[in-house]
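# prediction below, plus the sequence it came from.
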Amino acid sequence: MASSTHNPAVLLKRILSLSEATPLLLCLDSIPQTANYLINEIVHHSRNTLNLETIFVAFETLNKPSYATHFIDINEVSGGLPKLIETLQSYLPSPQQKHSNKRLVIIDSLNYIPNDKLAQFISAVASPHCTLVGVYHKDTPEVDIPALDNYPSSLELLQFMATTILNITPALPSRIDEESLKYELEKYSIPRGLNNPIFNLKLINRRRSGRSLSYDFQIDTNKHLYEHVINNPEEQENEIETPEMLQGLTTFNLSTSTKQKMAKDQVALPFLEAQGLESHGGAIVYEYEKDDDYDEEDPYEDPF
Amino acid sequence: MSAVQKQDLTIFSDQSIIPKNLCSNESHNVMLLTSTAATQPLWLINTLVESSIYGHSYSLNSSASSTNTINHNKPINPTSSLTIASFAHNKSFYKSSFDRLKINSNSYKILDFLTDFTMNETLGKPKAKIFENLLKLFPNDTTSTIILEQPEILFSLMGDHLSANELIESFLKPLIKKCGLLIIVTSVELYKLDYSMTKDVTELIRFISFCFHVSLTVLSLQPLQTGRAKDITGSLKITRGGATLDHLSGKIHVIENEYLYLNEKDSTKLFY
């Protein structure tokens, strides 16, 4: 669902820079397109976050990334998942701490956590002060546990729990279509041009109201460019504002120049900010300006 | 065929098959080589072994007789070692192949995991002990290269049920940590998607999925789509794997390419 009130790329940038309140950010990747480029993009945008500590949990990654404050190689944690949770929690702020430095925990990948322990693991790590970025390989089959016949699969469970889902698919070169890619992958042959810094991304972001926003992007991680892809032609028509549409309506100049449009698209509107507030429900956000005259001691001075 | 221009094999952007800095800065790297029954990987293993030891492949595009006349240079790094461990071929198979290429026998070590492997290594032993014993056979040297042929056979050789997670955590990852470069050679015909998805199929696919995700590059040997030809054995496709090269200095990248090749009695020719 597209909203005409804001630019989806602003929302994506807010998610990648950890400005949005998303305790669990799920990155779905596959053999033809890895999530590593997207993880680098998250790190690129979040590096300006004050005192951000990045904890990398490596089930697969072999070398400590340069941005990782702490690197936990699962082979060096003896004691299984309980010990891993204990180690992770030693780096995280306690739930009682109201104001603490932001933590980013990257898990590569969640496929190695057993299905029946997944919910427990996520709830033990993700919190308002800690964003958990979990990579999940959607094309890797899950080990069947006979006792959990009626339990949801790991992918279903994660998609249910995640506040933001980043579904990564390869940007196919013109010579390959979906069908030939599927045929090649069945033979475990990766066509050339995949696992590329340029890829497609489907963003699903769940707002606090329960509304779900879904946008498609083409991401260029080399240039840090995010192009919103509109698949529905009707939607595209509604999106494009031409100067002709606004001519003759009024004597005022309502049309916007390209420069103004670009500036408008960069603005994060207040309702995006409001998602991160700790108060629930109908909170009124009033930002005082320098000329406002407000006396805190006068009960009749309440601006509302 | 003589009119066709032969091509040098290049995998990385520094014009190398195996870059010098891959095994020299405390990093751990994986390359994946996939093959089929019709496109056996021995010629490419030979090429990788030569490149690892001498920095260049002398045998590719030249006949064995001309290889005999080549005066091999000294190893590029005499202190680093190369180990080849195979679950599919015995020691003499590789020994005779490397002797034919005039590779100095002090430059490599062959571990035979085929001959009497079940009797000597696995029978009556717990999984943890088997992996511990196997890992002890490999040198602990982060500048070394290890070539591991068909480790997926362990799924069938283990007495107890072996899961992909156990194979990865108890054997593959510790092995990767022991060397600078691990080259995993596997036959992809084993992993045909089976829609019944039995436990064994699931474990095999989980294993191969890990290999794709941790590899810098995938070297894929495939037969011709159109069937058999007298002058072409198959194709070698070089593609990026799931791992990035960010941790390496020098900003190198994988050169994706597809070559055709012809295996002859004593040589392999590579061309476009």
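Received it, and whenever you're ready, just let me know what you need.

# low pLDDT regions in chain B?
Low-confidence segments of chain B (pLDDT under 70): B:1-4, B:25, B:63-80, B:119, B:159-160, B:190-196, B:250.

# and with 50 instead?
Scanning chain B with the threshold set as pLDDT under 50 gives B:69-70.

# what segments of the stretch 201-304 of chain A are strands?
A:212-220, A:225-229 (DSSP state E, counting those that start in this stretch).

# do the stretch 51-200 of chain B as well
Applying DSSP E, counting those that start in this stretch to the stretch 51-200 of chain B gives strands spanning B:82-86, B:108-112, B:145-149, B:181-187.

# tell me what the longest helix anywhere in chain B is packed against?
Counting by DSSP state H, the longest helix found in chain B is helix B:199-214. Under the contact criterion of 3 or more Cβ pairs under 8 Å, 6 or more residues apart in numbering or on different chains; DSSP states H and E, helix B:199-214 touches strand B:29-35, helix B:154-157, helix B:164-167, strand B:181-187. (Each C-beta comes from the backbone N, C-alpha and C, glycine too.)

# go again using 10 Å as the cut-off
Applying 3 or more Cβ pairs under 10 Å, 6 or more residues apart in numbering or on different chains; DSSP states H and E, one finds that helix B:199-214 contacts strand A:130-137, strand B:29-35, helix B:154-157, helix B:164-167, helix B:173-178, strand B:181-187.

# rewinding a little: out of the strands of the stretch 201-304 of chain A, name the one with the poorest average pLDDT.
Mean pLDDT values for the strands of the stretch 201-304 of chain A show the minimum at strand A:225-229, a mean of 87.

# in its sheet, what does that one sit against?
In the sheet, strand A:225-229 lines up against strand A:212-220 (antiparallel) (DSSP bridges).

# picking that back up, CA atoms of the longest helix of chain B as PDB?
Output of helix B:199-214 as PDB, limited to C-alpha atoms (Å, rounded to 0.1, in the frame of the first residue of the first chain):
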ATOM      1  CA  LYS B 199      15.400 -35.900   6.400                       C
ATOM      2  CA  ASP B 200      18.500 -36.800   4.400                       C
ATOM      3  CA  VAL B 201      17.600 -34.500   1.500                       C
ATOM      4  CA  THR B 202      17.000 -31.600   4.000                       C
ATOM      5  CA  GLU B 203      20.400 -32.100   5.600                       C
ATOM      6  CA  LEU B 204      22.200 -32.300   2.300                       C
ATOM      7  CA  ILE B 205      20.500 -29.100   1.100                       C
ATOM      8  CA  ARG B 206      21.300 -27.300   4.300                       C
ATOM      9  CA  PHE B 207      24.900 -28.300   3.900                       C
ATOM     10  CA  ILE B 208      25.200 -27.000   0.300                       C
ATOM     11  CA  SER B 209      23.300 -23.900   1.200                       C
ATOM     12  CA  PHE B 210      26.000 -23.100   3.900                       C
ATOM     13  CA  CYS B 211      28.700 -23.700   1.300                       C
ATOM     14  CA  PHE B 212      27.100 -21.200  -1.200                       C
ATOM     15  CA  HIS B 213      26.600 -18.600   1.500                       C
ATOM     16  CA  VAL B 214      30.100 -18.600   2.900                       C
END
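
# report whether the helix or strand following that helix contacts chain A.
Under the assignment DSSP states H and E, the closest C-terminal helix or strand after helix B:199-214 is strand B:217-223. Yes - contact of strand B:217-223 with chain A (Cβ under 10 Å from any Cβ of the partner chain) involves B:217-218, B:220-222.

# could you dump those into TSV with neighbour count added?
Converted to TSV, these look like this (neighbours: other Cβ atoms under 10 Å in any protein chain shown):
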residue	neighbour count
B:Thr217	23
B:Val218	24
B:Ser220	24
B:Leu221	24
B:Gln222	20
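
# closest to B:Ser249 among those residues?
Proximity of the residues of strand B:217-223 next to chain A to B:Ser249 (Cβ to Cβ) peaks at B:Thr217, which lies at 17.8 Å.

# so in terms of bridging, what pairs with that closest one?
Under the criterion used (DSSP bridges), B:Thr217 bridges to B:Met31, B:Arg240.

# gap between it and B:Leu32?
7 Å (Cβ to Cβ, to the nearest Å).

# find residues that contact each of those two.
With contacts taken as Cβ atoms under 10 Å, 6 or more residues apart in numbering or on different chains, B:Thr217 and B:Leu32 have B:239, B:241 as neighbours in common.

# out of the strands of the stretch 201-304 of chain A, flag the one nearest B:Asp266.
strand A:212-220 (47.8 Å).

# who touches that closest one?
The contact list for strand A:212-220 (Cβ under 10 Å, 6+ apart) reads A:1-3, A:6-9, A:11-12, A:16, A:37-38, A:41, A:164-169, A:171, A:196-207, A:225-231.

# nearest spatial neighbour of A:Arg103, chain-adjacent residues omitted?
Nearest non-adjacent residue to A:Arg103, counting by Cβ to Cβ, 6 or more residues apart in numbering or on different chains: A:Cys130, 4.2 Å away.

# one more: A:Asp116?
Among residues not flanking A:Asp116 along the chain, A:Leu148 sits closest, at 5.9 Å (Cβ to Cβ, 6+ apart).

# give me the distance between that neighbour and chain B.
Here A:Leu148 is placed at a distance of 14 Å from chain B (Cβ to the nearest Cβ, to the nearest Å).

# could you do A:Leu201 as well?
A:Leu201 sits 17 Å away from chain B, going by Cβ to the nearest Cβ.

# okay, now that residue: neighbour count?
Under the neighbour criterion other Cβ atoms under 10 Å in any protein chain shown, A:Leu201 is assigned a count of 22.

# hmm, it is touching A:Ile42, no?
No - between A:Leu201 and A:Ile42 there is no contact under Cβ atoms under 10 Å: 12.0 Å.

# find residues that contact each of the two.
Joint contacts of A:Leu201 and A:Ile42 (Cβ under 10 Å, 6+ apart) are A:27, A:166.

# now for the residues of strand B:217-223 next to chain A: which two are most distant?
The widest separation within the residues of strand B:217-223 next to chain A (Cβ to Cβ) is 15.6 Å, between B:Thr217 and B:Gln222.

# returning to that earlier point: buried subset of the contacts of strand A:212-220, written for PyMOL?
Of these, the buried ones can be selected in PyMOL as follows, counting by 16 or more other Cβ atoms under 10 Å in any protein chain shown:
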select buried, chain A and resi 2+6+7+8+9+11+12+16+37+38+41+164+165+166+167+168+169+171+196+197+198+199+200+201+203+204+205+207+226+228+230
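
# of the contacts of strand A:212-220, which belong to helices?
Counting by DSSP H, these place A:8-9, A:11-12, A:16, A:37-38, A:41 in helices.

# not counting its neighbours along the chain, what's nearest B:Ala128?
By the measure of Cβ to Cβ, 6+ apart, the closest residue to B:Ala128 outside its immediate chain neighbours is B:Ser170, 6.7 Å from it.

# surely B:Leu262 meets B:Leu224?
No - using Cβ under 10 Å, B:Leu262 makes no contact with B:Leu224, being 11.1 Å away.

# the two: which has the busier surroundings?
B:Leu262 (18 against 14).

# am I right that the more buried one is in a helix?
No - checked against DSSP: H, G, I helix; E, B strand; the rest coil, B:Leu262 lies outside a helix; its state is strand.

# excluding its backbone neighbours, what's nearest it?
The shortest distance from B:Leu262 to any non-neighbouring residue, by Cβ to Cβ, 6+ apart, is to B:Lys269 (4.8 Å).

# do the same with B:Asp112
B:Asp112 sits nearest to B:Lys91 (Cβ to Cβ, 6+ apart), 4.1 Å away.

# give the contact list for the one you found.
B:Lys91 makes contact with B:84, B:110-115, according to Cβ under 10 Å, 6+ apart.
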